[in-house]
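1. build me a structure from this.
(one chain, ligands or ions: 1)
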Amino acid sequence: MQTSHLERIVIVGGGTAGWMTAAALSQVLKGTATRVVLIESEEIGTVGVGEATVPSIIGFNRLLELDEREFFLQTKGSIKLGIQFCDWYRPGASYIHPFGTFPDKLGYCEFQHYWLRARQQGLPYDLGDFSLNVVMAKENRFAPPTPDQRSPLSTTGYAYHFDAGLYAKYLRNYAERRGVERIEGKISQAHLDGETGFIASVELETSARISGDLFIDCSGFRGLLIEQALKTGYEDWSDLLPCNSAVAVPCESAATLTPYTRATAREAGWQWRIPLQHRIGNGYVYSDNYISDDEAVSVLMTNLDGKALADPRVIRFQSGRRKMAWNKNCIAIGLSSGFLEPLESTSIHLIQKGIIKLIQCLPRKHFPASLVNEYNREVRRDYESVRDFLVLHYKANLRDGRFWQDCRNRQISDQLTARIELFSETGRLSLHDQELFKGPSWLSVFIGQNIFPSTYDPLAEAVPLPDLMGSLNGIRSTFQDLVSKLPSHQQFLQHQIDLA
Ligand code: FAD
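-> Numbers count the residues shown, from 1 in each chain. Alright, predicted model coming up:
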């Protein structure tokens, strides 16, 4: 039986990916003999963007046993109830993709079927009126979810906006306190074992060599180990996701601290707005095949809430994924493993998924192909399902302009085609439940992008129409009533910080 454990895990890179990995490993490996080393270069720095998350981040922070109040204090974080999409389907239209669920106690089918039936019979309310998250977001109010299934607050969910630099710093302190050794320095090359092709060590510009059994490549877009050393290859998805650039700039805060991210469609892409306690993060994600960098900068700078706090910075990227996230004794986590534009704020989630899978698949000193293949299969599945969800936002639009027309006409994956057909023809959502974005998310984006089904589930007719109308009216007014009594987002945060 193979019993020798990993002696040293070397993490290359100290951005969000590197320090999240170091923190999680320091937590789960405590009490074992495996040491963790992280190498980063202050001179190279980090990508410096990535401030909005999805609800799974709460589970990650729990794994680390972080105190939420302390987290808000340290990261200048705020609450994210979902994403407001403005002008996506057509100029003037807007909807919120909320993180919560829809009511589920009306009968035997999913909520949208009852809502579609009632709407056909004259119910005047939007889908969002039946999401407590949407109602809270519109009113700038917040209360955390409750496990009590009788309360509407059990249907809510939330994530965070935070300052990614401060989060990495917070996790660095956490990891170092738990024994992770940090080495400052620039890696000049990786040395491969002549026989196996595995990474034997990395060499710093000072000529110091750091050896390890397992290397985690968190070096960002450059993929220092996974690509430059191991030549793993990249699957390019720019034929599906057209944007390849972003310009980012922080600005002063606005009067109201809104508990959601905003994504506003623009001529050749879209603009993000991420409100933090101390500033607002902004960026324009675009394709440089349709507008120049100068035009993108100018659009961004004229659409800020307040004074810019830095010079705008252009970042290039290529949508896609590394052909294998795990190759030989190297696992790529973060931007080194792939990139999907931040439309649904999924990169930090994908980092977290990579880390959790690494913990679940933690090898001994050898790396069985069955384990490596399982890891790679799962990572591929995660990336493809997020990719299709993003593509949906672009595909279903009625906007003018070459960029948006091309998005409408672009070929999409067979899986996404099948999902759109299933919903359009029956109102049903996919039954696949292992995905990040589940039924309520797909439903919100389908309806928000104006994809309305031609019919609904016949089981929705099991409830007599007057009862159905009464229930839906009742739910709506209960939600309105409840939300009007909740603290504002700002009050909630202030209370948390005061208690920290
Ligand atoms: P980086 O931050 O680039 O870190 C790389 C590290 O490797 C650095 O510490 C660097 O010093 C080190 N390094 C590199 N080369 C060497 C070397 N030779 N020697 C030593 N050290 C080296 N994600 C979200 O979840 N939500 C968002 O809202 C979001 N918005 C984004 C917007 C844009 C425009 C972009 C481009 C990305 C966005 N992301 C977002 C993604 C997010 O920024 C990244 O997933 C996250 O920051 C992780 O980056 P990283 O740690 O992989 O890489």
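2. next to the ligand, which bits of the stretch 101-250 of the chain? Give me the list.
-> 164, 186-187, 218-220, 222, 224, 246, 248 (Cβ under 6 Å from any ligand atom). Where you see a C-beta, it was placed from the backbone N, CA and C, and this is true even at glycine.
3. of those residues, which belong to strands?
-> 187, 246, 248 (DSSP state E).
4. what number of residues lie near the first one?
-> The one in question is Ile187. 22 (other Cβ atoms under 10 Å).
5. what's the burial count for the nearest residue to it once chain neighbours are set aside?
-> Closest residue in space to Ile187, ignoring its immediate chain neighbours: Val202 at 4.8 Å, by Cβ to Cβ, 6 or more residues apart in numbering. The tally of other residues near Val202 (other Cβ under 10 Å) stands at 24.
6. SS state for the residue of the stretch 401-500 of the chain found nearest the ligand?
-> Of all residues in the stretch 401-500 of the chain, Leu436 sits closest to the ligand, at 11.6 Å by Cβ to the nearest ligand atom. With DSSP: H, G, I helix; E, B strand; the rest coil as the basis, Leu436 sits in coil.
7. please apply the same query to Arg119.
-> Taking three-state DSSP, the label given to Arg119 is helix.
8. give the residue spans of the protein that score low on pLDDT.
-> 1 (pLDDT under 70).
9. just want the most central residue of it.
-> When Cα atoms, centre = their mean is applied to the chain, the residue found nearest the centroid is Thr346 (1.9 Å).
10. residues contacting it?
-> 54, 340, 386, 390, 436 (Cβ atoms under 8 Å, 6 or more residues apart in numbering).
11. could you dump those to CSV with neighbour count and secondary structure?
-> CSV is the format used below for the contacts of Thr346 (neighbours: other Cβ atoms under 10 Å; DSSP: H, G, I helix; E, B strand; the rest coil):
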residue, neighbour count, secondary structure
Val54, 25, coil
Leu340, 24, coil
Val386, 23, helix
Leu390, 23, helix
Leu436, 17, coil
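12. what about the residue nearest to the centre of the chain, distance to Phe389?
-> Thr346 sits 8 Å away from Phe389, going by Cβ to Cβ, to the nearest Å.
13. next one: Leu429
-> Per Cβ to Cβ, Leu429 is found 12 Å from Phe389.
14. pull up the overlap in contacts between the two.
-> Joint contacts of Leu429 and Phe389 (Cβ under 8 Å, 6+ apart) are Trp442.
15. give me the more crowded residue out of those two.
-> Comparing Leu429 with Phe389 by neighbour count (other Cβ under 10 Å), the higher total belongs to Phe389, at 22 against 18.
16. so the more buried one: helix, strand or coil?
-> With three-state DSSP as the criterion, Phe389 reads helix.
17. ok, which stretches of the protein are helices?
-> 16-28, 56-63, 68-75, 111-120, 132-139, 164-177, 293-301, 347-360, 369-395, 402-409, 414-426, 439-448, 465-484, 489-499 (DSSP state H).
18. does the first one reach the ligand?
-> Yes: Helix 16-28 lies in contact with the ligand when judged by Cβ under 6 Å from any ligand atom; the contacting residues are 16-18.
19. list the buried residues of that helix.
-> 16-26, 28 (16 or more other Cβ atoms under 10 Å).
20. closest to Gln494 among those residues?
-> When those are ranked by distance to Gln494 (Cβ to Cβ), Thr16 comes first, at 26.3 Å.
21. give me every residue that touches the closest one.
-> Shown in contact with Thr16 (Cβ under 8 Å, 6+ apart): 46, 50, 164, 167-168, 334, 348, 351.
22. out of these, who has the most neighbours?
-> Ranked by the number of neighbours (other Cβ under 10 Å), these place Gly334 first, at 30 neighbours.
23. need the contact list for the residue lying closest to that residue once chain neighbours are set aside.
-> Among residues not flanking Gly334 along the chain, Ala17 sits closest, at 2.5 Å (Cβ to Cβ, 6+ apart). By Cβ under 8 Å, 6+ apart, the contact set of Ala17 is 218, 220, 333-336, 351, 354.
24. mind running it again at 10 Å?
-> Ala17 makes contact with 11, 46-47, 50, 168, 216-220, 332-337, 347-348, 350-352, 354-355 under the criterion Cβ atoms under 10 Å, 6 or more residues apart in numbering.
25. ok, back up a step: out of the buried residues of helix 16-28, who's nearest Gln411?
-> Closest approach to Gln411 among those (Cβ to Cβ): Ala17, at 31.1 Å.
26. how far away is that closest one from Leu38?
-> Relative to Leu38, Ala17 is positioned 11 Å away (Cβ to Cβ).
27. which neighbours do the two share?
-> Between them, Ala17 and Leu38 share these contacting residues under Cβ under 10 Å, 6+ apart: 11, 216, 218.
28. out of those residues, which is nearest to the ligand?
-> Cys218 (5.2 Å).
29. neighbours of the spatially closest residue to Trp19 that is not a sequence neighbour, just the number please.
-> Closest residue to Trp19 apart from its sequence neighbours, by Cβ to Cβ, 6+ apart: Leu171 at 4.0 Å. Around Leu171 there are 26 other residues, counting by other Cβ under 10 Å.
30. test my guess that Leu171 contacts Met20.
-> Yes: contact status for Leu171 versus Met20: in contact at 6.1 Å, counting by Cβ atoms under 10 Å.
31. all strands of the stretch 151-300 of the chain, in order?
-> Under the criterion DSSP state E, counting those that start in this stretch, the stretch 151-300 of the chain contains strands at 159-161, 181-184, 187-192, 199-204, 209-211, 214-217, 234-236, 245-251, 261-266, 269-275, 280-286.
32. quick one: contacts of the fourth one?
-> Among residues not part of strand 199-204, those counted as contacts by Cβ under 10 Å, 6+ apart are 10, 12, 39, 41, 183-194, 208-215, 217, 224-226, 229-230, 327-330.
33. would you mark the buried spots in that strand?
-> Using 16+ other Cβ under 10 Å as the test for burial, strand 199-204 gives 199-202, 204.
34. can you put these in JSON lines and add distance to Asp382?
-> Formatted as JSON lines, the buried residues of strand 199-204 follow (distance: Cβ to Cβ, whole Å):
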{"residue": "Ile199", "distance to Asp382": "24"}
{"residue": "Ala200", "distance to Asp382": "30"}
{"residue": "Ser201", "distance to Asp382": "31"}
{"residue": "Val202", "distance to Asp382": "27"}
{"residue": "Leu204", "distance to Asp382": "33"}
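35. and of these, the nearest to Ala175?
-> Val202 (19.0 Å).
36. who's that closest one bridged to?
-> On DSSP bridges, the residues paired with Val202 through beta bridges are Ala190, Ile210.
37. gap between the residue in the stretch 101-250 of the chain that the ligand sits nearest to and Glu252?
-> In the stretch 101-250 of the chain, the residue found nearest to the ligand is Gly220; the distance is 2.6 Å by Cβ to the nearest ligand atom. Here Gly220 is placed at a distance of 29 Å from Glu252 (Cβ to Cβ).
38. comparing the two, which shows the higher neighbour count?
-> Neighbour count, other Cβ under 10 Å: between Gly220 and Glu252, Gly220 has more, with 21 against 13.
39. which non-adjacent residue is nearest the more buried one?
-> Gly220 sits nearest to Leu335 (Cβ to Cβ, 6+ apart), 4.6 Å away.
40. could I get the contacting residues of that neighbour?
-> By Cβ under 10 Å, 6+ apart, Leu335 lies in contact with 13, 15-17, 46-47, 50, 217-223, 317, 347, 350-351.
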